[in-house]
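Trainee: need a structure here:
(chains A and B)
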Amino acid sequence: MGVDIRVENLNAWYGPVHTLHDVSLHIPANHATALIGPSGCGKSTFVRCLNRMHETSPGARADGTVLMGDIDIYKDATPVEIRRRVGMVFQRPNPFPTMSIYDNVASGLKLNGFRKKRVLDEVVERSLKQAALWDEVKDDLKKKSGASISGGQQQRLCIARALAVDPEVLLMDEPASALDPVSTAKIEDLIFKLKSQYTIVIVTHNMQQAARVAENTGFFLMGKLVEFAPTTKIFTNPSDKRTEDYITGRFG
Amino acid sequence: MIRIKFQQSLDELKERLLVMAGLVEQAIQRATEAYTSRDESLCELVKMSEPAINRMEREIDQLALDLLAMEQPMAVDLRFILSVIRINVDLERMGDQAVNIAGRVLDLGKQANVDLPVDIPRLALLSAAMVRKALQAFIEGDAEMAQSVLMLDDQVDDMNRDAFRALGDLIKDKPELAPQALNALIISRNLERVGDHATNIAEDVIFWVRGRDVRHHSLPDDGD
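Mentor: Residues are numbered from 1 along each chain as shown, chains lettered A, B, ... in the order given. From the prediction side, this is the model:
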């Protein structure tokens, strides 16, 4: 099941550049939360702070509190433990190109020391079914490589890979921006289905996508969280003029 | 400012709605003037304006639909288009009301001219003022002005109620005047409906500008 994420006074830097300023928000469990904002606004940095990936960039650091359930991810856990609990899907599908579909999904488990074939078989099937990909690839699990399927399928494969380690949180950074409308719709359906089991945070430039999949939406601007509210409120009657100007295209 | 084409389309939508509103206002004015002057030619003009109003209603709907589909408007733009769609319906209905009034005036023309215990010109003036003010609020995006329209509606309702009572009494006392009284009653009722539509328009302006739904004010407010 998903967990609540409570972020308090989160700041992030790339070297001397302060990219996130005092962000505080509550992301509820088992909901999809969308983060929107112009390029460079800090939304991806924010998401990368939620699985401690931000600090892996040279010179990058973060400061503040991120509670995932009861765990303070910057105090009570290692980055490796956190990434087991927090799956991430990126803009471009990034399956391991030399691995089969099966091995792509099983890779996380194998890294965590699981070797029993029966367990791996079960998890691979369950994960591919959760990612709505099983029916399309079940006959080619070990024959085809992760890179040989379509872009939309690759992205769902990456989602299956993220789900295989049974995370509590799924972070998605522009998961459909490189996909065609049909593949995008499949990913959105998937988000809708998966949010009953996971806490989903999705970064998107596509505001209609945020409106379609997320219960809550946060608007970032210049490293600050300007507004966080139910998605219907953000898109019909935002409180902050800057949010309104952005979503109506009046920026610039 | 970006999305220039979209902004131009929104301006066009507003402009077309105002052209239609002009036709409707003129129709109401002519219909009530026809009542005072018993000028049948004005009634004919009102009837002739109806197809143009109906055509404009369809065009405005289509333009609004196109913008919803093609531009995926958000926030204030979305509220504006939704308001325009609603106001469009109200204007078309007001056009129908003008035609109804014109029809009753034509009928009255066939009957003996008698004094009726109802001040139709005053009711017409008040309804027309509500329409003007609601449309001015729409032109200026002025929620406060729109709010003031809502206050006027009670006066129009009261006048219509008084007319109903007085004309009802007249029908009882002098049944031979029932045809005239009924026509006046229907005219009064139509003017009261014009006021209701002006109220709707004012409420739509408030929704557009403030994002607050003030319709059916007896219900709890869902807005912020």
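
Trainee: skipping adjacent residues, who's closest to the residue of the stretch 101-250 of chain A found nearest chain B in space?
Mentor: Here the residue of the stretch 101-250 of chain A nearest chain B is residue A:237; by Cβ to the nearest Cβ that distance is 3.3 Å. Bear in mind the C-beta positions are built from the backbone N, C-alpha and C, glycine included. With sequence-adjacent residues excluded and distances taken as Cβ to Cβ, 6 or more residues apart in numbering or on different chains, residue A:237 is closest to residue B:211, at 3.3 Å.

Trainee: my guess is that neighbour contacts residue A:234. True?
Mentor: No - at 11.5 Å, residue B:211 and residue A:234 do not qualify as touching, with contact defined as Cβ atoms under 8 Å.

Trainee: give me every residue in the stretch 151-252 of chain A lying close to chain B.
Mentor: A:207-208, A:233, A:235-239, A:243-244, A:247-252 (Cβ under 8 Å from any Cβ of the partner chain).

Trainee: show the residue spans covered by the helices in chain B.
Mentor: Secondary structure of chain B (DSSP state H): helices at B:4-37, B:40-71, B:75-109, B:120-140, B:143-173, B:178-210.

Trainee: most centrally placed residue in chain A?
Mentor: Nearest to the mean C-alpha position of chain A, counting by Cα atoms, centre = their mean, stands residue A:171 at 1.6 Å.

Trainee: from the rest of the structure, what touches the host helix or strand of residue A:137?
Mentor: Following DSSP states H and E, one finds residue A:137 within helix A:134-137. The set of residues external to helix A:134-137 that reach it, using Cβ atoms under 8 Å, 6 or more residues apart in numbering or on different chains, is A:101, A:125, A:128, A:144, A:149, A:153, A:157.

Trainee: buried sites along that helix?
Mentor: A:134, A:136-137 (16 or more other Cβ atoms under 10 Å in any protein chain shown).

Trainee: with stretch A:20-27 instead?
Mentor: Within stretch A:20-27, judged by 16+ other Cβ under 10 Å, the buried ones are A:20, A:23, A:25, A:27.

Trainee: which two in those residues are spaced the farthest apart?
Mentor: Using Cβ to Cβ, the two most remote members of the buried residues of stretch A:20-27 are A:20 and A:27, lying 15.2 Å apart.

Trainee: pLDDT weak spots in chain B?
Mentor: B:1, B:217-224 (pLDDT under 70).

Trainee: flag every residue of it that's near chain A.
Mentor: Residues of chain B lying near chain A (Cβ under 8 Å from any Cβ): B:1-3, B:6, B:72-79, B:211, B:223-224.

Trainee: closest to chain B out of the buried residues of stretch A:20-27?
Mentor: Closest approach between the buried residues of stretch A:20-27 and chain B, by Cβ to the nearest Cβ: residue A:25, at 18.7 Å.

Trainee: now for the helix or strand hosting that closest one, which elements pack on it?
Mentor: Using DSSP H and E, residue A:25 maps to strand A:17-27. Other elements packing on strand A:17-27 under the criterion 3 or more Cβ pairs under 8 Å, 6 or more residues apart in numbering or on different chains; DSSP states H and E are strand A:5-14, helix A:43-50, strand A:60-68, strand A:224-230.

Trainee: switch to 7 Å and redo it
Mentor: strand A:5-14, helix A:43-50, strand A:224-230 (3 or more Cβ pairs under 7 Å, 6 or more residues apart in numbering or on different chains; DSSP states H and E).

Trainee: could you give me the average pLDDT of that strand?
Mentor: Averaging pLDDT along strand A:17-27 yields 97.

Trainee: direction included, what does that strand pair up with?
Mentor: strand A:5-14 (antiparallel) (DSSP bridges).

Trainee: give the buried residues for the strand it pairs with.
Mentor: In strand A:5-14, counting by 16+ other Cβ under 10 Å, buried: A:5-7, A:10-13.

Trainee: need those in CSV with pLDDT, can you?
Mentor: What follows is these, written out as CSV (pLDDT from 0 to 100):
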residue, pLDDT
A:5, 98
A:6, 98
A:7, 98
A:10, 98
A:11, 98
A:12, 97
A:13, 97
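
Trainee: what's the closest of those to residue A:78?
Mentor: Taking these together and measuring to residue A:78 by Cβ to Cβ, the closest member is residue A:5, at 18.0 Å.

Trainee: quick one: that closest one from chain B, how far?
Mentor: Using Cβ to the nearest Cβ, to the nearest Å, we find residue A:5 at a distance of 25 Å from chain B.
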